[in-house]
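A.B. asks: compute the structure for the input listed below.
(chains A, B, C and D)
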There are 4 protein chains.
Amino acid sequence: MNKNRLEAFSDGVLAIILTIMVLEMKVPHGADWAMLQPVLPVFFSYVLSFVYIGIYWNNHHHLLHAVKRVNGPVLWANLHLLFWLSLLPFVTGWMGENHFAPVPTTLYGVVLLASGGAYNLLARCLIRTQGEGSVLARAMQRDRKGWLSLGAYLLAIILSFVAHWLSQLLYVAVALMWLVPERRIERVLKEDCEAGEQ
Amino acid sequence: MNKNRLEAFSDGVLAIILTIMVLEMKVPHGADWAMLQPVLPVFFSYVLSFVYIGIYWNNHHHLLHAVKRVNGPVLWANLHLLFWLSLLPFVTGWMGENHFAPVPTTLYGVVLLASGGAYNLLARCLIRTQGEGSVLARAMQRDRKGWLSLGAYLLAIILSFVAHWLSQLLYVAVALMWLVPERRIERVLKEDCEAGEQ
Amino acid sequence: MNKNRLEAFSDGVLAIILTIMVLEMKVPHGADWAMLQPVLPVFFSYVLSFVYIGIYWNNHHHLLHAVKRVNGPVLWANLHLLFWLSLLPFVTGWMGENHFAPVPTTLYGVVLLASGGAYNLLARCLIRTQGEGSVLARAMQRDRKGWLSLGAYLLAIILSFVAHWLSQLLYVAVALMWLVPERRIERVLKEDCEAGEQ
Amino acid sequence: MNKNRLEAFSDGVLAIILTIMVLEMKVPHGADWAMLQPVLPVFFSYVLSFVYIGIYWNNHHHLLHAVKRVNGPVLWANLHLLFWLSLLPFVTGWMGENHFAPVPTTLYGVVLLASGGAYNLLARCLIRTQGEGSVLARAMQRDRKGWLSLGAYLLAIILSFVAHWLSQLLYVAVALMWLVPERRIERVLKEDCEAGEQ
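C.D. replies: Numbers count the residues shown, from 1 in each chain, chains lettered A, B, ... in the order given. From the prediction side, this is the model:
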């Protein structure tokens, strides 16, 4: 089965998730700078979620780049990931409109944790179709950043009951960690090419 | 005529239907867990409809995979299917906001029945362009799951006047039945390959 | 310059226009059949506009199928067409919510007329890039349906000041006329092939 | 890394930005021409922003046309551009609903300036992947229109504190300047071909 439509569909869903989040920033009724103040927390939560969707698009791009075939379970694992990411606009709006209050901060972490888990599941499904010796399988073996993120989300959820600003700090930290582009798959691919040339 | 643009357009429409359904989950004004309670039924109807759109995307993918040429009637049969699916966000929101009340449950079944019928019509249009002996025609001959679904929707519509929770059970059951990936076309394709090799 | 991105972008915009029109059908607060009554005119205007967007997508598909190169003016003529079509959700919502009142009926006709004119302009821009002897140029020479539509929209705009139900009848009639698939370009292409074979 | 998904994702985001801006034009409750009057300034700001998104799509198309490879920094520079453009619906709605008042006019300029800067950054990232002697590098050396636009946005932001109608004039003037299609890259490409033929 062809991976093109899977990529096109995922791109479509991610592009829409990205863009409808901006709809949560309601246009204020008044033309002063002061009118922008209630929009500011919504704006900050939008920036955070924009970066997260960007990270997922980027990693999804890398993940499928190393893949040739997809099958039924992969299609559903991909939809499962898109489902959790589709809840991001809701929790982003909730967290923003309530000025990063504790409960929405917890739920934001839950959605991030579920998305991270769904991504991990998708990667495993893809590895099963590719074989254990594939480029992807070897790249994922050293997936320290992925596990670190899942741990950070879990910690943030727990912390949100005590000091929710620490959770928010963790969300920002994980995002910054991923902004450094994904070199793992590129590295293994490169090693592969060099090995092939010898 | 090329099938690529048909696929791209359908992917776009399905991706948007999937994503705007989440807009029906209105961000609550308040930051307690209790504020999420009125959102819960909307969330459950969202999950159900997400799975249905996922099923249609999956099956659409398989259906067109086995196809090379499309023509005018196919383009319109496809738009007809997209029309009924585009009503899903409306009935999903209506059913969710009214806590799965009887009348919205009936209408939900009507939209599912019409979508199922439209899918069947699209498959027939495609078979006409492919020929009766094509892979697609043979795969569709044993389309037990398709007819079973149409029957279940009809039964659910009737039951919704008596015991609407039975209808909802049927909607979930049909969705679960389809979550098992579509093996029919794959099987016939495989038989074809094996026959060709002999 | 490649036509693929032009097609992909147009598909995206048309898919979104199609789908956001359904957002004008506001979910009613109440679970009776009677609650659907105020939604009905919005639903009818949605069906009409859905068919029109379907017609434009279909014709756009055919138009670009016969084309190999695009240039700057074509990109802008295409955006010009998408601009007018992007106003369709607004006039559809306005006409539907006001039960097909005269003034929204007039404006609906104005948007249809402008869209039709923009399509004509796009076709001319494409013919200029293809040459006067091209398949497209010959197909467009007999563009009776296109001119008939423009005339009908104009007539409908004038009639809307006197008897707006006649205008609505004209909108439906034009849509029905186009539902018959576009055979012109296919016919000329076929003649071409046959001429080439001799 | 392939540029196709980058193009497809950008097309998707730009198509959605274009189309959700029309959602700011709220359907009026009443069927008279007079009801359209409050919508008019929102309509004018929509037209302006539609043209700007059209310009960015057009230039993005040209920019990536001259490119073969993309890498991590390019993906993020592209997302950075899309982020600023995604704020356009918000500032368009704010400027329109407040009848082009001074403060929203300033903010509109800020978003245009940031978008222009992000485009410039993306072009530089692409040049780094292509090499200094590439078609793109030479085309961008004479990027007078790009720098002129950035200067005009800056001037418009300053002027908006004194005479905001001058800022709006500048926004329109810059848009008109870009409506003339991008000939720079085409010219250099042509010179290249001619040089190659000698």
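
A.B. asks: next, count neighbours for A:Gly131.
C.D. replies: As a burial measure, A:Gly131 scores 10 neighbours (other CB atoms under 10 Å in any protein chain shown). (C-beta placed from N, C-alpha, C; glycine too.)

A.B. asks: contacting residues around it?
C.D. replies: A:Ala137 (CB atoms under 8 Å, 6 or more residues apart in numbering or on different chains).

A.B. asks: now for A:Thr105, how many residues are close by?
C.D. replies: 26.

A.B. asks: residue contacts, it?
C.D. replies: A:Thr105 makes contact with A:95, A:156, A:160, A:164, A:167-168 under the criterion CB under 8 Å, 6+ apart.

A.B. asks: pull the most distant pair out of those residues.
C.D. replies: A:Met95 and A:Ala156 (12.2 Å; CB to CB).

A.B. asks: those two: which has the busier surroundings?
C.D. replies: A:Met95 (29 against 25).

A.B. asks: not counting sequence-adjacent ones, nearest residue to that one?
C.D. replies: Leaving aside its sequence neighbours, A:Met95 sits nearest to A:Pro104 (CB to CB, 6 or more residues apart in numbering or on different chains; 4.0 Å).

A.B. asks: wait, doesn't the one you found sit right on B:Ala31?
C.D. replies: Yes - between A:Pro104 and B:Ala31 a contact is recorded at 5.6 Å, counting by CB atoms under 8 Å.

A.B. asks: now the common contact residues for those two.
C.D. replies: Joint contacts of A:Pro104 and B:Ala31 (CB under 8 Å, 6+ apart) are A:94, A:98.

A.B. asks: more crowded one of the two?
C.D. replies: Neighbours were counted for A:Pro104 and for B:Ala31 using other CB under 10 Å; A:Pro104 has more, 30 against 19.

A.B. asks: which stretch of helix or strand covers that one?
C.D. replies: Taking DSSP states H and E as the definition, A:Pro104 sits inside helix A:102-130.

A.B. asks: list the buried residues for that helix?
C.D. replies: Residues of helix A:102-130 classed as buried under the neighbour-count rule (16 or more other CB atoms under 10 Å in any protein chain shown) are A:102-123, A:125-127, A:129-130.

A.B. asks: try stretch A:163-182
C.D. replies: A:164, A:167-168, A:170-171, A:174-175, A:178, A:181-182.

A.B. asks: quick one, what contacts the closest residue to A:Ser134 other than its chain neighbours?
C.D. replies: Spatial nearest neighbour of A:Ser134, chain neighbours left out: A:Ile127 (6.9 Å); criterion: CB to CB, 6+ apart. Listed by CB under 8 Å, 6+ apart, the contact partners of A:Ile127 are A:134, A:136-137, A:140.

A.B. asks: which residue does chain A have closest to chain C?
C.D. replies: For chain A and chain C, the shortest gap (CB to the nearest CB) falls at A:Gly12, measuring 7.8 Å.

A.B. asks: which helix or strand contains that residue?
C.D. replies: helix A:4-20.

A.B. asks: just how off-centre is that helix within its chain?
C.D. replies: Its chain's C-alpha centre and that of helix A:4-20 lie 13 Å apart, by CA atoms, centre = their mean, to the nearest Å.

A.B. asks: next SSE downstream of it?
C.D. replies: Toward the C-terminal end, the helix or strand that comes next after helix A:4-20 (DSSP H and E) is helix A:39-65.

A.B. asks: what angle separates that next one from helix D:4-20?
C.D. replies: Between helix A:39-65 and helix D:4-20, the angle comes out at 150 degrees (axes from the mean of the first three to the mean of the last three CA atoms, to 10 degrees).

A.B. asks: for helix A:39-65, what is the average pLDDT?
C.D. replies: Helix A:39-65 shows a mean pLDDT of 92.

A.B. asks: got it, and stretch A:120-137?
C.D. replies: Per-residue scores along stretch A:120-137 average to 83.

A.B. asks: now secondary structure and pLDDT too, for the buried residues of stretch A:163-182, in CSV please.
C.D. replies: Below are the buried residues of stretch A:163-182 laid out as CSV (DSSP: H, G, I helix; E, B strand; the rest coil; pLDDT from 0 to 100):
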residue, secondary structure, pLDDT
A:His164, helix, 90
A:Ser167, helix, 95
A:Gln168, helix, 95
A:Leu170, helix, 95
A:Tyr171, helix, 96
A:Val174, helix, 93
A:Ala175, helix, 93
A:Trp178, helix, 86
A:Pro181, coil, 56
A:Glu182, coil, 53
